[in-house]
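Asker: just coords:
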C-alpha cells in the first residue's frame, strides 16, 4: 500500500479543514531541521524543547488566522518563527547567547574522520579542536550564527538569509568575515589546524 506524498500546502489546507493528522505530518516532516536550528542557537536541550513547542503553537495560531502566505517555504516560515522566539528569549533574559561547543551531539569539529590516532596525535587534535571552539565563541553574534546555521543545520545561504531576514549577500558576507576573523585569531594565537 503506497502512501501519497502530499505537499506542505496540501497538508496545511487539510489541517485548516479539520484534519489534525495533517498538521502532525507537517510537523514530523520539518521538526528535525527546526529543532536543530534552535539547538544550535541556544545550546540547551530543555530550552530548545520549550522554544520548539512555542514555535509550533505560534505556527498553529498563524495558520488559523490565515496569516500564512504559502510560497512553498513552510520550513523557512517555521524557522523564522523559531529564530524570532530565540531572539525574544535572549532579550527577555537580557543576556547575549554564548555558543559553547560542550555537547558531543552538536560538535561538528569532533566529527571529522580520523583513523586511529596515536595518543600524542589525539592530544594534539583535542587541543586544536578546543582552540577552534574557543575562537568561535569570540566571533560577533551574527557571524557565529551564520557559521552554525551553515555547518550544523547544513542550510543554504538563501535559507539563512530568509531565516535571519537579511539579503543573501549579507549572509555570505557574514560567513566570509567569520572565516577571516577565525584565520586572524589563529595567526594571533599561533593555532594550526594541521595535526
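Answerer: It's in. Everything quoted here is computed from the prediction, not taken from an experiment.

Asker: how far away is residue 51 from residue 131?
Answerer: Using Cβ to Cβ, to the nearest Å, one gets 30 Å for the distance from residue 51 to residue 131. Heads up, the C-betas are built off the backbone N, CA and C, glycines and all.

Asker: neighbour-wise, which of those two wins?
Answerer: Between residue 51 and residue 131, counting by other Cβ atoms under 10 Å, residue 51 is the more crowded of the two (24 against 17).

Asker: Quick check: buried residues in the helix or strand containing residue 81?
Answerer: Using DSSP states H and E, residue 81 falls within helix 74-93. Using 16 or more other Cβ atoms under 10 Å as the test for burial, helix 74-93 gives 74-83, 85-86, 89.

Asker: if we take those residues, which one ends up nearest to residue 42?
Answerer: residue 86 (6.1 Å; Cβ to Cβ).

Asker: burial of the closest residue to residue 148 other than its chain neighbours, as a residue count?
Answerer: In this structure, residue 148 finds its nearest non-sequential neighbour in residue 40, 4.3 Å apart by Cβ to Cβ, 6 or more residues apart in numbering. Applying other Cβ under 10 Å, we find 22 residues neighbouring residue 40.

Asker: quick revisit: how far off centre is the helix holding residue 81?
Answerer: How far helix 74-93 lies from its chain's middle: 11 Å, per Cα atoms, centre = their mean, to the nearest Å.

Asker: what domains does the record give for this protein?
Answerer: In terms of domains, the chain is parsed into 8-93, 104-188 (source: automatic domain parsing).

Asker: returning to what we had before: could you dump the buried residues of helix 74-93 to CSV with pLDDT?
Answerer: Formatted as CSV, those follow (pLDDT from 0 to 100):
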residue, pLDDT
74, 87
75, 85
76, 86
77, 88
78, 90
79, 87
80, 86
81, 89
82, 89
83, 86
85, 88
86, 85
89, 82
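
Asker: quick one: which of those residues is nearest residue 172?
Answerer: Closest to residue 172, out of all of these and judged by Cβ to Cβ, is residue 76, at 17.1 Å.
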